[in-house]
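Student: Sharing a sequence plus its predicted fold:
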Amino acid sequence: MTNVQSIASPAILPEDRAHEADHPSSLVAKFGADQPLKLDCGIDLSPFQIAYQTYGRLNADRSNAILIFHALTGDQHVANIHPVTGKPGWWETMVGPGRPLDTDRYFIVCSNVIGGCMGSTGPASTNPATGKLWGLDFPIITIPDMVRAQTMLIDRLGIDTLFCVVGGSMGGMQALQWTAAYPKRVFSALAVACSTRHSAQNIAFHELGRQAVMADPDWHHGRYFEQGTHPHRGLGVARMAAHITYLSDAALHRKFGRRMQDRELPTFSFDADFQVESYLRHQGSSFVERFDANSYLYLTRAMDYFDIAADHDGVLAQAFRGIQTRFCVVSFTSDWLFPTPESRALVHALNASSARVSFAEIETDKGHDAFLLDVPEFFDISRAFLQSAGSARGLTKAGG
Amino acid sequence: MSAQQQTLPLNGLAQDSAVTYRGDHLLVAEMVERGSKVLDVGCGEGDLLRLLETRGIDGRGIELSREGVNRCVAKGLAVVQGDADTDLVNYPDDAFDYVILSQTLQATRQPRVVLENLLRIGRRAIVSFPNFGFWKMRLQLLVGGHMPRTENLPATWYDTPNIHFCTIKDFVQLCDEINVKMERAVALDLYGRPVRANLPWWFWNMFGEQGVFLLTRAGKTK
C-alpha cells in the first residue's frame, strides 16, 4: 500500500489568527482618512493601522531609537512570547538587556509590515469600506510602501532621527530603503543578509511559492475565509520550498544527513522516511498555523519588485550620494539566497558615495537563516558597530 | 547567554589603554593632519586606524583577509573586505585627504596602477614598503646566493605574498615616471627608527630597511 501524507491541518484555529489581523496583541497606531498611506501603485490606503512593539525607553533627547524590520514571515514580536504560537520572540538572541541590541541602552521599535497578517493593515484585515476581509482586493504593496508607513509611525512616536535601522533579509531591504529615501532620518544602518534588489533566482522561488498557494483548491481565488477554508497545503508547500533556500547543503547534511525518521529501513512508500522530509513537513505545517496565505502572496511580491537602483537611473551609487549614515553590511558565506556578491555590490556603491561603511562576511554553514541563529561573531560585530555609532551619536552607557 | 560568552577573543581589544604602536604607524600617523579623512588600504587588524582615531581622524579601511576585516569591524572600525588591485576603482576621485598603503605595495599585482589609484582617490598618499636594496638583502643574494629573508620578511620565495619587491631607488624612479611628487621621504632602519635625513639617497637605499613616502600629484605638466 502506498502511504501518502501531506501537510497536516493547522492545530491553531484560523479564527485566532484572523483575530490578530484586526485586533493585534500589541500596540497599534491608527491612521484616519486625513492621513492616507500613498502607495507606489497609485492608490491611497486609508484608513490603515500599524501594529508594533517597543522595548526599552526613549531617552530625553529622543536620540536612542532603533527601528527593527522583520523578514518575510516575521512580525513585530521580536523579543516577547508570540501571541499565536506561544513561542519566544524571533530575535531574542539579538534583542534584550545586555544583548547587541541592548534594551537597557536603546529604545527599540518593531512594526508589522503593511501587507502583513499580525495587525498591520493587509489582505487578512477587514476592509472598512465593505466590512469584509480585503483578500485580493488589497492593493499591491512594495518595500518603499512599507517604509513610508513606518515613517508615519516614527512621526507618531515623536522621533525625528533614528539612531539605527536594523534588519535581515526583507528586513535588510527595508533598512536600505530607509537610508536611500530618508538618509537624514537615519544615523546608522545595519543591513544583514540582504540586497538592494531581488535577484531573478529569488523571484523564481517566490513565484514557485505563490503558484503552490494558488494551485490549492482551498485557496478559492483568495476568498478562502468566506469558504471556511485555508490553503494550508499550498502554503505549506510554499514554505517547505522557501525553507530549503534559507538553509544550506552543508547545514542540511550536518543536521539530517540521510538518517531515517523513527525507522531502520525504508518503508517503500511516500511516507516521510527521511528525517529531512519529516522536518520540512513540520516546517510547512507549523508555518500555516500562524500565517495568512494571501499575505504571503503580497509580501513575496513586494520583495520581487524591490530594486533601489531602478529608482536612480539604474546607478546604485546615486541612491546613496552624499549620505552621512554609517553602514554596517553583513553577509554569510553559505547564504545562497542573498549571497555575498550582493552585499559587495552594495558596499561598492556606498564606497563610491564615500559613505562610512563596515562590511563583514561571516563564515558559517547555516545559510541565509544564520542571521536569526546563534552566530557569536555576528553578535560581536553588531554590538561593536552599535557601540561605535553610539559614541559618535553621543549616547552614554545609561542610554541617555 | 551572557554578554561575556558572546565575545570573541579579539587581539588588542581588551588591553586598549596599554596598546603599543608600530614605529612606522607612529610615523604615518604623524604625517596625517588632524581632522582629515583617511583610507587605509590593507589595514590588517586595524591598529593604524585605531591610532588615527585617537587623533580625531576619520579613518576607513580595506583589508583582503576576512579574519582581519571581521576583527576590525568587531572593534567598531569602518572596514570592508576588498583587494587593492580590484576594488580601488570603486572609489570616486578626491574621496579622501590621505590614502595609506602600508607594507602592501609589494604584494599587489599592478603596483603602478595601484599607486595611480591612490593618488586619484586621495589628495595625498602615504606609501611604505620594505626596501629590497637594504644591505642585508644584497648580502644574502651576493654571498649566500639565495633569495633574501629577514626578520620582517621571513617568508620563503615559494610562499611569499610579496610578488613585486622594489628598492627605494626603484620607487623614486616610478614616482618620477607617473608624475608623482614626494613631499616627504623617510627611511627606517631594522628597528623602525628613522635613518638620518641629511644623508644621500644611495645611503638610504643601502641602510633603510623600509621606506615611507608622503606623495602628492605633481601639477598637470609633463
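Tutor: That came through, no problem. This one's a predicted model, so the numbers in the text were calculated from it and none came from an experiment. Residues are numbered from 1 along each chain as shown, chains lettered A, B, ... in the order given.
Student: Helix, strand, or coil at the closest residue to residue B:108 other than its chain neighbours?
Tutor: Closest residue to residue B:108 apart from its sequence neighbours, by C-beta to C-beta, 6 or more residues apart in numbering or on different chains: residue B:114 at 4.7 Å. Yep, even glycine has a C-beta here, placed from its N, CA and C like the rest. Following DSSP: H, G, I helix; E, B strand; the rest coil, residue B:114 is assigned to helix.
Student: number of nearby residues for residue B:114?
Tutor: Counted with other C-beta atoms under 10 Å in any protein chain shown, the neighbours of residue B:114 add up to 21.
Student: separation between the closest residue to residue A:328 other than its chain neighbours and residue A:188?
Tutor: Of all residues not flanking residue A:328 in the chain, residue A:385 sits nearest, at 4.1 Å (C-beta to C-beta, 6+ apart). Going from residue A:385 to residue A:188 by C-beta to C-beta, to the nearest Å gives 7 Å.
Student: Now do the shared contacts for those two.
Tutor: Counting by C-beta atoms under 8 Å, 6 or more residues apart in numbering or on different chains, the shared contacts of residue A:385 and residue A:188 are A:326, A:328.
Student: higher neighbour count, these two?
Tutor: residue A:385 (28 against 25).
Student: show me the contacts for that one.
Tutor: Counting by C-beta under 8 Å, 6+ apart, residue A:385 makes contact with A:188, A:190, A:326, A:328, A:358, B:73, B:76.
Student: again, but for residue B:136
Tutor: Listed by C-beta under 8 Å, 6+ apart, the contact partners of residue B:136 are B:148, B:150, B:190, B:209.
Student: circling back to that earlier point, pretty sure the residue nearest to residue A:328 sits in a strand.
Tutor: No. Going by three-state DSSP, the assignment for residue A:385 is helix, not a strand.
Student: mind checking how far it is from residue A:330?
Tutor: Between residue A:385 and residue A:330 the distance is 9 Å, computed by C-beta to C-beta.
Student: Can you pull the residues that touch both of these two?
Tutor: By C-beta under 8 Å, 6+ apart, residue A:385 and residue A:330 have these common neighbours: residue A:190.
Student: Strands along the chain, start to end?
Tutor: The chain I'm using is chain A. A:27-31, A:37-38, A:44-45, A:48-55, A:65-69, A:95-96, A:101-102, A:107-111, A:126-127, A:132-133, A:164-168, A:188-192, A:326-332, A:356-362 (DSSP state E).
Student: meant chain B, my bad for not saying
Tutor: B:37-41, B:58-63, B:78-81, B:96-102, B:122-130, B:180-188, B:210-217.
Student: hang on, the earlier thing: can you redo the contacts of residue A:385 as a markdown table with pLDDT and distance to residue A:99?
Tutor: Output for those, formatted as a markdown table (pLDDT from 0 to 100; distance: C-beta to C-beta, whole Å):
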| residue | pLDDT | distance to residue A:99 |
| --- | --- | --- |
| A:188 | 98 | 17 |
| A:190 | 98 | 13 |
| A:326 | 97 | 20 |
| A:328 | 97 | 16 |
| A:358 | 96 | 19 |
| B:73 | 92 | 18 |
| B:76 | 89 | 17 |
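Student: could the residues you listed go into a markdown table alongside distance to residue A:154?
Tutor: Output for those, formatted as a markdown table (distance: C-beta to C-beta, whole Å):
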| residue | distance to residue A:154 |
| --- | --- |
| A:188 | 15 |
| A:190 | 17 |
| A:326 | 19 |
| A:328 | 21 |
| A:358 | 24 |
| B:73 | 27 |
| B:76 | 26 |
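Student: Which of these sits closest to residue A:145?
Tutor: Nearest to residue A:145, judged by C-beta to C-beta, of these is residue A:190 at 22.1 Å.
Student: which ones are touching that closest one?
Tutor: Residue A:190 neighbours (C-beta under 8 Å, 6+ apart): A:164, A:165, A:166, A:167, A:175, A:327, A:328, A:330, A:382, A:385, A:386.
Student: what's the neighbour count on the third one?
Tutor: Just to be clear, that refers to residue A:166. Residues near residue A:166, counting by other C-beta under 10 Å: 30.
Student: Likewise for the first one?
Tutor: Counted with other C-beta under 10 Å, the neighbours of residue A:164 add up to 27.
Student: check contacts around it.
Tutor: Applying C-beta under 8 Å, 6+ apart to residue A:164 gives the contacts A:66, A:67, A:106, A:186, A:187, A:188, A:189, A:190, A:386, A:389.
Student: That one pairs with what?
Tutor: Counting by DSSP bridges, residue A:164 forms beta bridges with residue A:66.
Student: Centroid-nearest residue for chain B?
Tutor: residue B:102 (0.5 Å; C-alpha atoms, centre = their mean).
Student: ok, so what distance separates it from chain A?
Tutor: Using C-beta to the nearest C-beta, to the nearest Å, we find residue B:102 at a distance of 19 Å from chain A.
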